[in-house]
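**Q** Below are the sequence and a predicted model for it; my questions follow.
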Amino acid sequence: MATKEAEVKGAKGILALSIGDALKLLLKNLVSLFGRGLTGRVVTVDIDNSNVRLMEMRRGEVKKWASVALPARSDGEEEPAPDPKALGALIKETMASTGIKASKVFASVSGLYSVSRFLPVTSLPARPTMQESVMMAVKETVPLTEDRLYFSWHNIVGNNKDEPGRILVLGVPRSTVDSQLLALKGVGIDTRTLELRTMALVRAVNRDRAVILNIEPSSFDIIILVNGVPEVMRTIAWESGERSGDEKAEYLLINLELTRDFFNFRHPELLDPNTPLFITGQLSGDLPLVAKLKDLVNCPVENLTPPLKYPSHLPLSQYAVNVGLALKGLPLNVAEDQHAPLDINILPDTYRPWRPAAKQVYATILIIGAILLVFPIFQATTSAMNKTSELQRKFNVLDSQLQIKKAEIQRREPLQKAVNEYKMILDMGGNIMGDLGVINSEAKSLGVKVVSVTHEGINISVDAEAQSYFAFREYVAALEKSGRFTSPVPPPEGYPYTTKGTIKLESKFGKPPPKAEPAKPAATKPTTTTQK
């Protein structure tokens, strides 16, 4: 079953191949993948029930084209399925006679006996994957099963957030697809992509709104485009019996009107009568038939204007399907509200050539890199092992010396700790004298009397008395400005209109030495008090 993002089932993993085969296969697929970008050559095949049309395009210009009629069907034969071997041989012979060379082609298949459905995304049943949800909805809406049809689908995202998304599901008869692909495969031609003829016509026209009438000897297609989406796709077989040109025109006009009425009935926005009509297909070369249709239809009839170069004598309308196939994958100009032409590859998984997945490409690159590095790495490893052995010997010697140093450091730690404590005590004593010097010098300069000073670690209490609260206030400010103590200094009780009190200071320098074991009561709380 072909899907929008299908992976090849049963493909042989690249890691299971030998290195030489893997490289050849990878190179072959990379050339196949990027061949169009390198050479710009595309060969398209449009197989109808009555004829085959071939076209070769290089770098956006049509170079060669050819058409060959298929053998007429026997009377009473309902299924137009030519023998694959005979069909393949006819195609190969036509290519050889016209100089068209290709091992891979873009092909189309008729929409006869196919089905199409639009499924709102909101109506899909809940399943782990989108693929499972779509196929469950298909089973509920399409009467034919997977053993009769190949199903493909495409998610049409709305142009604005108010437009709900839809899923376009296509079902193509297995017998038609298998017969056509086997015919090409039998003569050594691989099909890169397979597309429904109506979808290729949509790309060839590339209009926001249009009606397409593709007329072939065995059937005709009617397509109605709205915002670039084929809202209606009908493929109708001609009724048996000979018809004159006027009868064919009348019959085509009736089906056009029926299709328009069907669209208007199913859509709230009616089809504009001025929507252009494009007439394509092999019978578009029947000038009397086309002239009769132009007289009967009540809408403008326009010609194809595809974005490619072609000779003036190319019957463009007859090769419209080939043109649409050749434009596949190329950027096209679209209107603001127009969807880009839908890209639905209906090629079944069993016919798709194997191509390496991203993980397989990365794995191959890693393997190739490893092979290229094996010998240098082996040499480097041998040298590294020798150096490692020498470094290990040196490490053992250094480790023994380190252990000796550690033991020596452990023996010296108690002595070092005692020295540090002694230095801390000396530093603390120096800091205390510095604090007292600032307290007494500022008091002397301002005429303040220091009654007592209590120094406990970094906390200092100064009992001072001045002749006026101005002098007391200036003394407190001077202690703050000295930079010796932590600012701001908490004011004593009654400040700023007190003449005496206890000033609490915190020294910025030094910490109290660690408290010694309580051998004597005097040693538990080192306090310094100065009386004046």
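**A** Perfect, thanks for sending it.

**Q** Now do stretch 458-476: distance to the chain's middle.
**A** The chain centre lies 77 Å from the centre of stretch 458-476; the measure is C-alpha atoms, centre = their mean, to the nearest Å.

**Q** Show me which positions of it end up buried.
**A** Going by neighbour count (16 or more other C-beta atoms under 10 Å), the buried part of stretch 458-476 is 458, 460, 462-466, 471-476. Just so you know, the C-beta spots here come from the backbone N, C-alpha and C atoms, and that holds for glycine as well.

**Q** contact partners of it?
**A** Here stretch 458-476 makes contact (C-beta atoms under 8 Å, 6 or more residues apart in numbering) with 435, 439, 442-443, 446-454, 485, 489, 491-492, 495-508, 510-512.

**Q** and after the host helix or strand of residue 437, which helix or strand comes next?
**A** Assigned by DSSP states H and E, residue 437 belongs to helix 358-446. Elements were assigned by DSSP H and E; along the chain past helix 358-446, the next helix or strand is strand 449-456.

**Q** Direction included, what does that next one pair against?
**A** strand 459-465 (antiparallel), strand 528-531 (antiparallel) (DSSP bridges).

**Q** now it against helix 358-446, angle please.
**A** 150 degrees (axes from the mean of the first three to the mean of the last three C-alpha atoms, to 10 degrees).

**Q** Now do strand 449-456, average pLDDT.
**A** Averaged across strand 449-456, the pLDDT comes to 81.

**Q** buried set for it?
**A** In terms of neighbour count (16+ other C-beta under 10 Å), strand 449-456 has its buried residues at 450, 453, 455.

**Q** what's the domain layout of this protein?
**A** Domains of the chain are assigned by automatic domain parsing as 14-356, 367-531.

**Q** any idea how far the shortest one is from the chain center?
**A** The offset between the C-alpha centroid of domain 367-531 and the centroid of the whole chain comes to 60 Å, using C-alpha atoms, centre = their mean.

**Q** one step back: any idea which of the buried residues of stretch 458-476 is the one closest to residue 188?
**A** In terms of C-beta to C-beta, no member of the buried residues of stretch 458-476 lies closer to residue 188 than residue 458, at 97.6 Å.

**Q** Next one: that closest one relative to residue 434, how far apart?
**A** 12 Å (C-beta to C-beta, to the nearest Å).

**Q** again with residue 466
**A** Spatial separation of residue 466 from residue 434 under the definition C-beta to C-beta is 23 Å.

**Q** Mind putting the buried residues of strand 449-456 into CSV with distance to residue 214?
**A** As requested, the buried residues of strand 449-456 are exported to CSV (distance: C-beta to C-beta, whole Å):
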residue, distance to residue 214
450, 115
453, 112
455, 109
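
**Q** So which of these is the closest to residue 345?
**A** Nearest to residue 345 among the buried residues of strand 449-456: residue 455, at 92.9 Å, using C-beta to C-beta.

**Q** What distance do you get for that closest one to residue 436?
**A** Here the criterion is C-beta to C-beta. By it, residue 455 lies 7 Å from residue 436.

**Q** now swap in residue 377 and tell me
**A** With distances defined as C-beta to C-beta, the gap from residue 377 to residue 436 amounts to 75 Å.

**Q** Looking at these two now, which is surrounded by more residues?
**A** Comparing residue 377 with residue 436 by neighbour count (other C-beta atoms under 10 Å), the higher total belongs to residue 436, at 17 against 12.

**Q** Could you check the pLDDT of that one?
**A** Residue 436 carries a pLDDT score of 79 in this model.

**Q** is it true that it touches residue 453?
**A** Yes: contact criterion C-beta atoms under 8 Å: residue 436 and residue 453 qualify, at 6.3 Å.

**Q** Only the buried residues of stretch 166-177, if you could.
**A** Burial within stretch 166-177, assessed by neighbour count using 16+ other C-beta under 10 Å, is assigned to 166, 167, 168, 169, 170, 171, 172, 173, 176, 177.

**Q** Report the rounded mean pLDDT for stretch 98-105.
**A** The model assigns stretch 98-105 a mean pLDDT of 91.

**Q** can I have it written out in CSV, keeping just the CAs?
**A** Coordinates of the C-alpha atoms in stretch 98-105 are reproduced here as CSV (Å, rounded to 0.1, in the frame of the first residue of the first chain):
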residue,chain,number,x,y,z
THR,A,98,12.9,8.3,-31.1
GLY,A,99,16.2,8.5,-29.2
ILE,A,100,14.6,8.8,-25.8
LYS,A,101,16.8,7.0,-23.2
ALA,A,102,15.8,6.4,-19.6
SER,A,103,16.1,3.7,-17.0
LYS,A,104,13.8,5.6,-14.6
VAL,A,105,10.6,7.4,-15.5
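
**Q** Quick one: the helices in this protein, in order.
**A** According to DSSP state H, the chain carries its helices in the segments 19-39, 84-98, 130-141, 174-186, 197-205, 245-266, 287-296, 320-326, 358-446, 469-481.

**Q** Would you tell me which one of the domains of the chain is buried the most?
**A** Burial of those is given as mean neighbour count (mean count of other C-beta atoms under 10 Å); domain 14-356 ranks first at a mean of 17.

**Q** Any regions of the stretch 201-350 of the chain where pLDDT drops low?
**A** Low-confidence segments of the stretch 201-350 of the chain, defined by pLDDT under 70, are absent.
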